[in-house]
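1. Got a predicted structure here, sequence first:
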Amino acid sequence: MKRASLVLFIGLASLGLSACGSETQEPVEQIVVREPGAEAPVAESQPVAQSGDLVAAGKAAFAVCSACHSVEAGAQSGIGPNLNGVVGRAAGSLEGFGYSGAMSEANLTWDAGELDAFLTNPTAKIPGTTMIAGSVNDADKRAAIIAYLSSLSQ
Ligand code: HEC
């Protein structure tokens, strides 16, 4: 991932709020320009994508899936099967869901690699699947969605 060549932190603070007197002061604008590689203050030196951020991004990206998939443990399946615990689960194995023959016979266990291939192109990965929508072209989005699904398996 490319790093921004410089980072601007613009802080606006109106000191007027904390002033004791009745006189209000002009807002103070602070601009800090940091060159790449320069040591960042501790509070700002977070990695670009911590796993928590990735899960949050995946949860947001999952919005396109939630039309068909529930994720809460024990929740009723929708048009697609409930995906709680899907990472590590055998394909087509959720009790009571009416899978296609193709999915029932897929004979694979969902891990990051299998999910990535399936979400890239469901019908190419499992010809005959009834999941005909929900492909995700963006690899970063797929990774985020898979991280989110993994977080639901714990
Ligand atoms: C239009 C409805 C629909 C959308 C949108 C959709 N799916 Fe599905 N999904 C299904 C159906 C239906 C199945 C069952 C397919 C079969 O039996 O062949 C399925 C199956 C799956 C499975 C296999 C589950 C298992 O128990 O084996 C996974 C994983 C999955 N979907 C993930 C996703 C993700 C992630 C998204 C969003 C990026 C998504 N789906 C979007 C309908 C949908």
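-> Nice, I can see it.

2. if I look at residue 57, how far off is residue 75?
-> 22 Å (C-beta to C-beta, to the nearest Å). Every C-beta, even on glycine, is put in place using the N, C-alpha and C of the backbone.

3. When those two are compared, which one has more neighbours?
-> Comparing residue 57 with residue 75 by other C-beta atoms under 10 Å, the one with more neighbours is residue 57, at 18 against 12.

4. That one and residue 135: what is the separation?
-> Taken as C-beta to C-beta, the span from residue 57 to residue 135 is 18 Å.

5. likewise residue 83?
-> Remark: distance between residue 83 and residue 135 (C-beta to C-beta) = 16 Å.

6. do the same with residue 125
-> Distance from residue 125 to residue 135, by C-beta to C-beta: 10 Å.

7. do the same with residue 111
-> 19 Å.

8. Show me which residues of stretch 71-78 are buried.
-> For stretch 71-78, the neighbour count (16 or more other C-beta atoms under 10 Å) marks residue 71 as buried.

9. for stretch 126-138, that is, sorry about that
-> For stretch 126-138, the neighbour count (16+ other C-beta under 10 Å) marks 126, 129, 131, 135-136 as buried.
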